[in-house]
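K.L.:
Quick one, fold the following:
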Amino acid sequence: MSLSSVAYVPVNGDIVVMKFGGTSVAAADDIRRAAGRIVAARENGRQVVAVLSARGKTTDDLLNMAHEVSDHPLAREMDMLLSTGERISCALCAMAIHDMGHSAISLTGSQAGIVTDSSHTKARILDVRADRIRDALGDDRIVLVAGFQGVSGDSRDITTLGRGGSDTTAVAIAAALGADVCEIYTDVRGVFSADPRLVPDARLLHVVSFEEMLEMAASGAKVLQLRSVEYARNHEIPIHCRSSFEDGPGTLVVSEKETMERPSVTAVTHADEARVTLTGVRDEPGVAAQIFGALAGANVNVDMIIQNEPVSADQKADLSFTVDPGDLHAATEALDRLEICERLETDERIGKVSIVGAGMRSHPGVAAKVFQTLGDSGINIEMISTSPIKISCVIAAGEVPAAVRALHQAFELGDGAIRREEPTGEEHRPAVRPDEDEDEGRGGA
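P.N.:
Residues are numbered from 1 along each chain as shown. The predicted structure is shown next:
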């Protein structure tokens, strides 16, 4: 039976990992609501590990505190500061669970065995040594783990995983424990075919493949963090994205082999980006490696890259690439030190709109339809990048909403379109696996 036709219901005795985002634990009533969901899962016979984000805007408040006392806060000390938000959430939720008659223990990321590299504020998980979690579960306790953080295996310093890192914490723990599913509770009903704030008839997607979700997350969808989806795909851990505030089927993220035939396009995504253009770049071997090596050294992720072939007598090239707006300063600072081009220009007034769909592999003409739709809407395309299941276009930032709506309508993705089969609520258990504050994202793709 395909997972696309059923809603996943864990079987009694399973380990379930439940993650609650910042808005899901913002107020006292929200914490009690999350505690109630956790207790309900335990009373249904499941062993429960819950990963919590910092409450509401706590992380933003901590960031503001840091900048009140320092113009350039040290990254190590920022991690020490920012990691406190999730610990507060876990301790408070443990108290609420105790009041409901169950035993719970709150653990920091380091106590839970989350071992990372030494990249402060953007650390990557290297290992999960979950012995303490297993021991607590064996003692019939609910385990609450502070998300978004770990400890460096080299320096023993506290590290944080970057915005959205609690999702990655939850998936990594699910993989380490051999859980059958990782449930992500957020402030939206699941993953939509577009951002409902821009497209009122955006459709809830009941099943999305890992590959589609990876492209959607990389292209601007904020419901799930990119690295958490990568981790889930690599360890074959299904993700069930659900609302904290209402019951509903949510969105299942599973391997493509467990989904039905796909439409050509699943969703339209969008993101804010910044562009860096280097003019007068020497056209010789190794120059590109110097440029992007410097960016990697500054921990800057690069999205689209375009370089033209030199046509002038001086054999100088132009190179443009896009980055997250938050990385623009670090990128320009790293490149200024190279003195590798005649001029460096930046543009923060751009956006990216993308269409994503596993069915694009077998549906010709999708690219032509994208370009025709944007052309008919009077929207100029400045940069293009593609993958087998994604087409992304860089356009002026002010034209992004119109582009999203036009593409969503052109590919008939709205609620009025023919839907793929929805969950029925039947019980299904996938095969046993082998082995913030992040602000929660907008509800749509």
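
K.L.:
surely residue 316 meets residue 284?
P.N.:
No: using Cβ atoms under 8 Å, residue 316 is not in contact with residue 284, being 10.4 Å away. Using the backbone N, CA and C atoms, a C-beta is placed for each residue, glycine as well.

K.L.:
These two - which one has more neighbours?
P.N.:
residue 316 (15 against 9; other Cβ atoms under 10 Å).

K.L.:
Excluding sequence neighbours, find me the nearest residue to that one.
P.N.:
residue 280 (4.5 Å; Cβ to Cβ, 6 or more residues apart in numbering).

K.L.:
Summarise which helices and strands whatever helix or strand the one you found lives in is packed against.
P.N.:
Assessed by DSSP states H and E, residue 280 sits inside strand 267-282. Judged by 3 or more Cβ pairs under 8 Å, 6 or more residues apart in numbering; DSSP states H and E, strand 267-282 is in contact with helix 210-218, helix 287-297, strand 316-323, helix 328-336, strand 343-356, helix 400-410.

K.L.:
Repeat the analysis, applying 6 Å as the threshold.
P.N.:
The criterion is 3 or more Cβ pairs under 6 Å, 6 or more residues apart in numbering; DSSP states H and E, and the helices and strands that strand 267-282 contacts are strand 316-323, strand 343-356, helix 400-410.

K.L.:
Out of these, flag the one nearest residue 179.
P.N.:
strand 343-356 (27.0 Å; Cβ to Cβ).

K.L.:
Okay, now the sheet partners of that closest one, with direction.
P.N.:
Counting by DSSP bridges, the strands paired with strand 343-356 are strand 267-282 (antiparallel), strand 390-396 (antiparallel).

K.L.:
any idea how far that strand is from the chain center?
P.N.:
Chain-centre distance of strand 343-356: 20 Å, with Cα atoms, centre = their mean, to the nearest Å.

K.L.:
The very next helix or strand once past that strand: how far from the chain's middle?
P.N.:
Using DSSP H and E, the helix or strand that follows strand 343-356 in sequence is helix 366-376. On the basis of Cα atoms, centre = their mean, helix 366-376 sits 28 Å off its chain's mean C-alpha point.

K.L.:
As JSON lines, the strands paired with strand 343-356 with distance to residue 338, mean neighbour count and mean pLDDT would be great.
P.N.:
Below are these laid out as JSON lines (distance: least, Cβ to Cβ, whole Å; neighbours: other Cβ atoms under 10 Å; pLDDT from 0 to 100):
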{"stretch": "strand 267-282", "distance to residue 338": "9", "mean neighbour count": "22", "mean pLDDT": "93"}
{"stretch": "strand 390-396", "distance to residue 338": "24", "mean neighbour count": "22", "mean pLDDT": "95"}
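
K.L.:
quick one: which of the ones you listed is nearest residue 167?
P.N.:
Closest to residue 167 of the strands paired with strand 343-356 is strand 267-282 (Cβ to Cβ; 17.0 Å).

K.L.:
Check the offset of that closest one from the chain's centre.
P.N.:
20 Å.

K.L.:
mind starting the numbering at 54 from now?
P.N.:
Right, with 54 as the first residue, what we last looked at is strand 320-335.

K.L.:
Columns distance to residue 356 on top of the strands paired with strand 396-409, output as CSV?
P.N.:
CSV is the format used below for those (distance: least, Cβ to Cβ, whole Å):
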stretch, distance to residue 356
strand 320-335, 7
strand 443-449, 8
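
K.L.:
Run through the stretch 354-498 of the chain and note the low-pLDDT ranges.
P.N.:
Scanning the stretch 354-498 of the chain for pLDDT under 70 picks out the ranges 363-367, 469-498.

K.L.:
re the thing from before, so for residue 402, which of the strands paired with strand 396-409 sits nearest?
P.N.:
strand 443-449 (6.6 Å).

K.L.:
Determine the number of other residues adjacent to the residue nearest to residue 459 when sequence neighbours are not counted.
P.N.:
Nearest non-adjacent residue to residue 459, counting by Cβ to Cβ, 6+ apart: residue 430, 4.7 Å away. If you count neighbours by other Cβ under 10 Å, residue 430 ends up with 14.

K.L.:
can you check residue 109 too?
P.N.:
Applying other Cβ under 10 Å, I find that residue 109 has 20 neighbouring residues.
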